[in-house]
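Asks: need the 3D shape of this:
(one chain, ligands or ions: 2)
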Amino acid sequence: MESTKLAVVIPCYNEQEVLPYTLDTLEQVILRLIAEKKISEESYLFFVDDGSRDNSWEIITTASQIRKINIKGVKFTTNYGNQSAILAGLNEVRKRGADAVLTIDADLQQDVNKIEEFVKYYEEGCDIVAGVRNDRKTDGFIKKIFSSFFYTFINWLGVRIKPNHSEYRLISKKTLGIIGYYTERNIFLRGLFHELGLKTKYVNFDVKPREHGQSKFSFMSLFALAMSGIVAFSTYPLRLVFFIGISISMISFIVAALIFFEQILKVNLIFDITFFKIWITFISGLQILCIGIIGEYIGQILTEVKGRPQYIIAEEL
Ligand code: UDP
Ligand code: MG
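Replies: Residues are numbered from 1 along each chain as shown. Ligands and ions are numbered 1, 2, ... in the order given. Just a heads-up that it's a prediction; the model follows:
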């Protein structure tokens, strides 16, 4: 049997500090796997420069000329975000050819020694081999709380995404072909791969602290990713708005009936002015929240309807 032609997709956004380390490490791992005939010598690294404003693209271009492994890549005109960068990598690899594609972060926080195991499971017939973090020790307090809340909430909504699963994943050529049919703009890859129902294997790995540079995700970009994940995979929040409406209408009906009896019996129970101040403030907040939930869906519809390109490529290798 021919050994697997592996493409490694690496999204990068302002990663000049970490890229030399990333190239050294991946070169070593890939050359070893080629020498041991675990992957084909046509295997390659595919960098997607997500509109970096530093020297990332120059480092990648130079590496493609001097390194012992095949290096290809594209550079976006501007920053489109990590999901678009990964997607572009997958689209480009589909054109250029590979038996299997691995995605990994440019900072190599994920354990590169697991690549061999990923390839082994692929050769045993898995279409998706997804990395799951053993813990979140390297994340800050807020990120830890936020991601645990996100995974609990999205699972509660009926979207069965494996908690702590990351963008460290190997997919087969077949999976890559199927992903090509998904043309949505607001892409949430974690949910998408899960939905395909293909033979999947989860591999646990340890997350290391970042060697160089800083995290490129702000709280707002993580929040946007989480929202687009929820909106892309579940309409339950819309139904929730409906049930909130019904519940409040019922409570209002009971309150109205109680006030009516208060008037008849000429007693004053709980419905004084303070009650109404609290009630009105609470309901106003809830109304704006519900409009916000509906707004998220409308925003996504607008983005999808406009159908703008997901990214624009400025240069390629
Ligand atoms: N990234 C990207 N575009 C962005 C933000 C991040 O391509 O707008 C890349 C980044 O260069 C890295 C990966 O996505 O390769 C994960 O980012 P990071 O390591 O900063 O995230 P964290 O590990 O802190 O969650
Ligand atoms: Mg990282």
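Asks: how about stretch 147-154 and ligand 1, any contact?
Replies: No: with CB under 6 Å from any ligand atom as the criterion, ligand 1 is not reached by stretch 147-154; the gap is at least 9.4 Å. In this view, the C-beta of every residue, glycine as well, is placed from N, C-alpha and C.
Asks: now that stretch: mean pLDDT?
Replies: Mean pLDDT, computed over stretch 147-154, is 90.
Asks: got the buried residues for it?
Replies: Ser147, Phe150, Tyr151, Ile154 (16 or more other CB atoms under 10 Å).
Asks: any chance of the residues you listed in JSON lines, plus secondary structure and distance to Lys216?
Replies: Below are the buried residues of stretch 147-154 laid out as JSON lines (DSSP: H, G, I helix; E, B strand; the rest coil; distance: CB to CB, whole Å):
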{"residue": "Ser147", "secondary structure": "helix", "distance to Lys216": "16"}
{"residue": "Phe150", "secondary structure": "helix", "distance to Lys216": "19"}
{"residue": "Tyr151", "secondary structure": "helix", "distance to Lys216": "21"}
{"residue": "Ile154", "secondary structure": "helix", "distance to Lys216": "23"}
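Asks: now do the strands in the stretch 151-300 of the chain.
Replies: 165-172, 200-205 (DSSP state E, counting those that start in this stretch).
Asks: which of those strands sits most buried?
Replies: strand 165-172 (a mean of 23; mean count of other CB atoms under 10 Å).
Asks: ok, the nearest residue to Leu286 once chain neighbours are set aside to ligand 2 distance?
Replies: Distances taken as CB to CB, 6 or more residues apart in numbering place Ile244 nearest to Leu286, at 6.5 Å, with adjacent residues excluded. Per CB to the ion, to the nearest Å, Ile244 is found 37 Å from ligand 2.
Asks: Ile244: neighbouring residues, count only.
Replies: Ile244 sits with 15 neighbouring residues when counted by other CB atoms under 10 Å.
Asks: pipe the strands of the stretch 151-300 of the chain into TSV and attach distance to Ile66 and mean pLDDT per row.
Replies: Output for the strands of the stretch 151-300 of the chain, formatted as TSV (distance: least, CB to CB, whole Å; pLDDT from 0 to 100):
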stretch	distance to Ile66	mean pLDDT
strand 165-172	27	94
strand 200-205	30	95
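Asks: how about TSV for those strands, with distance to ligand 2 added?
Replies: Formatted as TSV, those follow (distance: least, CB to the ion, whole Å):
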stretch	distance to ligand 2
strand 165-172	9
strand 200-205	13
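Asks: export the ones you listed to TSV and append columns for distance to Ile60.
Replies: Output for the strands of the stretch 151-300 of the chain, formatted as TSV (distance: least, CB to CB, whole Å):
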stretch	distance to Ile60
strand 165-172	19
strand 200-205	25
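Asks: pLDDT weak spots in the stretch 201-317 of the chain?
Replies: For the stretch 201-317 of the chain, no stretch has pLDDT under 70.
Asks: okay, and Gly73 sits in which element?
Replies: Assessed by DSSP states H and E, Gly73 sits inside strand 70-76.
Asks: between the buried residues of stretch 147-154, which is nearest ligand 1?
Replies: Ser147 (9.4 Å; CB to the nearest ligand atom).
Asks: from ligand 2, how far out is that closest one?
Replies: Counting by CB to the ion, the gap from Ser147 to ligand 2 is 13 Å.
Asks: contacts only, for Ala130.
Replies: Lys162, His165, Tyr168, Arg169, Leu170, Phe193, Thr200, Lys201, Tyr202, Val203 (CB atoms under 8 Å, 6 or more residues apart in numbering).
Asks: so the last one sits against Ile115, correct?
Replies: To tie it back to what came earlier, the one meant is Val203. No: the criterion here is CB atoms under 8 Å, and Val203 misses it with Ile115 at 10.1 Å.
Asks: get me the contact residues on the stretch 51-200 of the chain for ligand 1.
Replies: Asn79, Gly81, Asn82, Ala85, Asp105, Ala106, Asp107, Gln109.
Asks: tell me how many other residues crowd the first one.
Replies: Neighbours of Asn79 under the rule other CB under 10 Å: 17.
Asks: same deal with Asn155?
Replies: For Asn155, using other CB under 10 Å, the count is 13.
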